[in-house]
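Visitor: What follows is a predicted structure for the sequence shown.
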Amino acid sequence: MKYIIIKSGREKSLLRRHPWVFSGTIKNIGAAQSGDIVKIVAEDGRYLATAAFSAASQIAARVLSFDERVVIDDAFYRQRIAAAILRRASLASQSTAYRLIHGESDGLPGVVADRYGDTVVLQLSTAGVEPNRLLLAQLLIEVTGARTIYERSDADVRKLEGLGERNGLVLGEALSAPIQIVEGGMTIEVDIVNGHKTGFYLDQRDNRALTMAISKDKDVLNCFCYSATMSTSAMLGGAKSVVSIDSSAPALVSGRHIAALNKIDPNTMEWVEADVFAHLRKLRDQGRFFDLIILDPPKLAPTIHHVEKASRAYKDINLLGFKLLRPGGTLMTYSCSGGVSPELFQKIVAGAAVDAGIEAQIARRLSAGIDHPVSIHFPEGEYLKGLLVTKMA
């Protein structure tokens, strides 16, 4: 096995079991090439970890094991996959769609696998895991009994790894149509091939259920609604009215279709194709007010280099959200930006409340569901963070 030597004094994060090795901490990569399994050692020769190497990325190695005795072979991947799926066994009775493997937090860096009924969608994001693409697909069929393994390795992060995009069938039966899933009594149609992420936002399952629970008799505004499943959740929860805004016409078409699937007349809902930032100002100028406002923008800060600009954008939409809320109303506000920590996000929302001239309370902190666990050693895994905020009367 090839070796990578860490600079003296730079091994502290590995000793705390953080799974990332940045290129700047490496003294010598030896003969390691992208995709190689390597041993990470200190300058004095101490073993630190076994990792998968990526030559192009600033995250040069991602740890697979901190135990020198562990062999990284087919049996290793089979065990990690089986253990991850077993931890989620209880979800099978709650939904026909959920995450099976969540990257570093399941000990499989660069690997995401989501189940949609009999189809598993595989997403690979690092050069270190690329050589195991077919093995992982075969093991997923073996462990889950799925009929189809479809790949959605088309995330922008692959460019940082020197990898191209891939979107297509890996093993099993070809997809002939969108897949219908059931979640909390709601029927949702998922476009595996063209939908965001692996086809759908599985990480918002618990928050859709919360939206349904708190929407009764409320006027709801859903911003960056995508396929508007939060809007349908609100209607199923007894909302008085729902306005859904997104800049994508196809997303709104999908939203109307999902509403109809759930026996909601989409004509009873308001659908707006517009830039959300601009339309929030328009609603403010019109004197519109709402009891529940949902702000779930796309990733505005994929890295720390984008944080300053993203922070201004988050503050802008939250400020407008507070201004559009009735006294006693509720703001459900989210950030899925990895570069924005939960602490920073709360500061941004608090600053928006100050600028809006209001008092507010955090009623609940929001996050992804239990199928998106976060390793205690890897806080970066907590990419989705949210706040349920009440505007004081």
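Guide: Received, thanks. Residues are numbered from 1 along each chain as shown.

Visitor: Check which residues of the helix or strand hosting Leu48 are buried.
Guide: Assessed by DSSP states H and E, Leu48 sits inside strand 47-53. Across strand 47-53, burial judged by 16 or more other C-beta atoms under 10 Å covers 48-53. No exception for glycine: its C-beta is placed from N, CA and C like everyone else's.

Visitor: swap in stretch 209-225?
Guide: Buried positions in stretch 209-225, judged by neighbour count with 16+ other C-beta under 10 Å: 209-212, 214-215, 218-225.

Visitor: ok, of the residues you listed, which one's closest to Val157?
Guide: Phe224 (20.6 Å; C-beta to C-beta).

Visitor: And the pLDDT at the spatially closest residue to Asn167 that is not a sequence neighbour?
Guide: Excluding the flanking residues, the one nearest Asn167 by C-beta to C-beta, 6 or more residues apart in numbering is Asp154, at 4.8 Å. Asp154 carries a pLDDT value of 93.

Visitor: residues contacting Asp154?
Guide: If you count contacts by C-beta atoms under 8 Å, 6 or more residues apart in numbering, Asp154 has them with 165-167.

Visitor: ok, it to His196 distance?
Guide: The gap separating Asp154 from His196 is 11 Å, by C-beta to C-beta, to the nearest Å.

Visitor: Quick one: mean pLDDT for the longest strand anywhere in the chain?
Guide: Longest strand of the chain, by residue count under DSSP state E: strand 325-335. Strand 325-335 carries an average pLDDT of 97.

Visitor: Closest one of the buried residues of stretch 209-225 to Ser247?
Guide: Of all the buried residues of stretch 209-225, Ser247 sits closest to Phe224, with 8.3 Å by C-beta to C-beta.

Visitor: could you pull out the helices for the stretch 101-250 of the chain?
Guide: According to DSSP state H, counting those that start in this stretch, the stretch 101-250 of the chain carries its helices in the segments 133-144, 205-214, 229-236, 249-261.

Visitor: What residues of stretch 289-298 count as buried?
Guide: Buried residues in stretch 289-298, counted by 16+ other C-beta under 10 Å: 289-297.

Visitor: Check the helices of the stretch 101-250 of the chain for me and report the most buried one.
Guide: Mean neighbours per residue, mean count of other C-beta atoms under 10 Å, is largest over those for helix 229-236, with a mean of 27.

Visitor: and the angle for it with helix 249-261?
Guide: Between helix 229-236 and helix 249-261, the angle formed by their directions is 30 degrees, by axes from the mean of the first three to the mean of the last three C-alpha atoms, to 10 degrees.

Visitor: what angle separates helix 229-236 from helix 205-214?
Guide: Going by the same axes, to 10 degrees, helix 229-236 is angled at 30 degrees with respect to helix 205-214.

Visitor: and the angle from helix 229-236 to strand 325-335?
Guide: Going by the same axes, to 10 degrees, helix 229-236 makes 140 degrees with strand 325-335.

Visitor: just to revisit the earlier point, which of the contacts of Asp154 are buried?
Guide: The neighbour-count test (16+ other C-beta under 10 Å) marks Arg166 as buried among the contacts of Asp154.

Visitor: ok, so of the contacts of Asp154, who is nearest Glu382?
Guide: Distances from Glu382 to the contacts of Asp154, taken as C-beta to C-beta, are shortest for Glu165 (26.3 Å).
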